[in-house]
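Q: sharing a model prediction with you, sequence too.
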Amino acid sequence: MTEVNASDTVGEAAGRGQVLAWGLWDWGSSAFQAVTLTFVFSVYLTDKVGDDLPGSISASAWLGWALAGAGLVVAVTAPVCGQYFDAVGSRKRALATLTALTVGAMSLMFFVHDDYHDLWLGLALLAFAAATFELAGVPYNAMMRQVSTPATVGRVSGFGWAMGYFGGIVLLLICYVGFLAGDGDTRGLLGMPTDQGLNIRLVIVLAAVWFTVFALPVLFAVPEMPRTGADPGAAKVGFLGSYRVLARDVRELWGQDRHTVYFLLASAVFRDGLAGVFTFGGVLAVTVYGFADADVLLFGIAANVVAGAAAIVAGRFDDRIGPKRVIVASLVGMLICGSVLLAVSGPTMFWIFGLALTVFVGPAQASARSFVARLAPPGREGQLFGLYTTTGRAVSFLAPALFGVFVAVFHSDRAGIAGLLVVLALGLLVLLPVRSPGKVALEKESL
């Protein structure tokens, strides 16, 4: 394969059609993130399949350990995978393979019946899919450099995040109305039987089809990245040798630009705080602010709409003033709203200030991704996004741990909010000294 100058790959497919095709993968991926991992299949495993599991260890504990194992695999392999995809010019092929493996595992979840003997199959499939899905995010995020220019990377990143939020909402509503709503032996408008969890199993099949359909456009519309000489030797070494190349590159990165390393650390901390907001938001709404269970779903939908819309708007500010300012403003806004939530009570106040807080989540997530894209040396985006994934995994315990500590120490679920605010504030403090990515001349063309 002929090698090209790595800088020539930046913005090589930055037309509207390629951006839309790229964003549709985010839309489709919500089938795993929202439906399979968060709201439907994981709940089915713990609440139905493993409900009568013999022994003293609960299905929830086994689920936690299975996902922890998947996270460990991702943390160890993400950087070298991204490095290899870059070196051999196989980002699109890697995205196709990892997406296919995720969809395949989701499809096999149909065979997990409401029987504790099937729990192990369900856990294995979910853990495998969680690992391949997160690894798929490495080449996918790296491709953002191909479908954006230096003047539009913020908008493109925000668009992708918004597509993920909105896709999750649409699919969850389809699943709820068609397969899950109601009581009795059949559920939803389609009257799906609940025997052996058939309605849930069919939801996961629908999710697998959804992911497949919306993952295809990027594979046809965005060209494969050509091989570059940006990372000498990375294409020829074996698996273990990849870690030696990675160690060499990290040493070079530390020597040339320590601010990149500092940003990876800062983003790992504040991204864990952002994840904690959504993880514990529903729990706090019910236990602290008096929400009815049904209202939590409505709030979740509203929160995703608000976060997605804000990510689109903030993307334009990202391109004008830089991602660091957007992230700092977002974290400050979250700290203010979270502090107010510590003092107020009742569903109305949570609707107001809870939604106000989620306004800042989407922009912070999208601008963190665009920050990495701007920092990455051309041709080595996959490696840097792999490190971005690994550092995030390394501190993913932080928000849950501090939430639990504050609840336990102060004997109040409300105090858990303070634990999340500590994580966000720590991420902000580490971020402040980080130098912004180099300013670039805005191009006249816009999306």
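A: Perfect, I can see it now.

Q: could you list the low-confidence segments of the stretch 251-400 of the chain?
A: Judged against pLDDT under 70, the low-scoring parts of the stretch 251-400 of the chain cover residues 293-294.

Q: which residues in it form helices?
A: Secondary structure of the stretch 251-400 of the chain (DSSP state H, counting those that start in this stretch): helices at 258-287, 293-321, 323-343, 347-358, 361-375, 381-394, 398-410.

Q: repeat that for the stretch 1-150 of the chain.
A: For the stretch 1-150 of the chain, the helices defined by DSSP H, counting those that start in this stretch occupy 16-30, 41-44, 59-88, 91-108, 119-142.

Q: can you lay out the ones you listed as TSV showing mean neighbour count and mean pLDDT?
A: (Each C-beta comes from the backbone N, C-alpha and C, glycine too.) Output for the helices of the stretch 1-150 of the chain, formatted as TSV (neighbours: other CB atoms under 10 Å; pLDDT from 0 to 100):
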stretch	mean neighbour count	mean pLDDT
helix 16-30	22	95
helix 41-44	20	88
helix 59-88	20	85
helix 91-108	20	96
helix 119-142	23	94
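
Q: Arg380: which of the ones you listed is closest?
A: Ranking these by proximity to Arg380 (CB to CB) places helix 59-88 first, at 5.5 Å.

Q: who are the packing partners of the closest one?
A: Helices and strands touching helix 59-88, as assessed by 3 or more CB pairs under 8 Å, 6 or more residues apart in numbering; DSSP states H and E, comprise helix 91-108, helix 119-142, helix 239-256, helix 381-394.

Q: and those helices as a markdown table, adding distance to Ala364?
A: Shown next, in a markdown table, are the helices and strands packed on helix 59-88 (distance: least, CB to CB, whole Å):
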| stretch | distance to Ala364 |
| --- | --- |
| helix 91-108 | 25 |
| helix 119-142 | 16 |
| helix 239-256 | 24 |
| helix 381-394 | 13 |
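
Q: out of those helices, nearest to Val170?
A: The stretch from the helices and strands packed on helix 59-88 with the least distance to Val170 (CB to CB) is helix 91-108; that distance is 17.6 Å.

Q: would you report the backbone torsion angles of Val186?
A: Actually, residue 186 is Thr rather than Val. Reported as degrees, to the nearest 10, the phi and psi values for Thr186 are phi -130, psi 150.

Q: equivalent analysis for the one 3 residues further on, please.
A: As for Leu189, its main-chain torsions (degrees, to the nearest 10) stand at phi -60, psi -30.

Q: can you check the one 5 residues further on too?
A: Dihedral pair for Thr194: phi -100, psi 0, per degrees, to the nearest 10.

Q: so what's it up against?
A: Residues in contact with Thr194 (CB atoms under 8 Å, 6 or more residues apart in numbering) are Gly184, Asp185, Thr186, Arg187.

Q: give me the buried subset of those residues.
A: Buried subset of the contacts of Thr194 (neighbour count, 16 or more other CB atoms under 10 Å): Arg187.

Q: distance to Val286, secondary structure and pLDDT added to the contacts of Thr194, as a markdown table?
A: Shown next, in a markdown table, are the contacts of Thr194 (distance: CB to CB, whole Å; DSSP: H, G, I helix; E, B strand; the rest coil; pLDDT from 0 to 100):
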| residue | distance to Val286 | secondary structure | pLDDT |
| --- | --- | --- | --- |
| Gly184 | 25 | coil | 88 |
| Asp185 | 28 | coil | 91 |
| Thr186 | 28 | strand | 93 |
| Arg187 | 23 | strand | 91 |
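
Q: export the helices of the stretch 1-150 of the chain to a markdown table and tack on distance to Val288?
A: What follows is these, written out as a markdown table (distance: least, CB to CB, whole Å):
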| stretch | distance to Val288 |
| --- | --- |
| helix 16-30 | 28 |
| helix 41-44 | 22 |
| helix 59-88 | 22 |
| helix 91-108 | 34 |
| helix 119-142 | 29 |
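
Q: among those helices, which is nearest Ala356?
A: With distances scored as CB to CB, the stretch of these nearest to Ala356 is helix 16-30 (23.7 Å).

Q: what about the closest one, distance to the chain center?
A: Its chain's C-alpha centre lies 15 Å from the corresponding centre of helix 16-30 when counted by CA atoms, centre = their mean, to the nearest Å.

Q: that one vs helix 293-321, what angle?
A: Interaxial angle, helix 16-30 versus helix 293-321 (axes from the mean of the first three to the mean of the last three CA atoms, to 10 degrees): 150 degrees.

Q: report the two of the contacts of Thr194 separated the most.
A: Within these, two members stand farthest from each other by CB to CB: Asp185 and Arg187, at 8.4 Å.

Q: can you get me a residue count around the nearest residue to Val422 once chain neighbours are set aside?
A: Taking CB to CB, 6 or more residues apart in numbering as the measure, Val422 lies nearest to Leu402, with 5.6 Å between them; neighbours along the chain are not counted. When counting by other CB atoms under 10 Å, one arrives at 21 neighbours for Leu402.

Q: quick one: residues contacting Leu402.
A: For Leu402, the set of contacting residues under the criterion of CB under 8 Å, 6+ apart consists of Gly419, Leu420, Val422, Val423.
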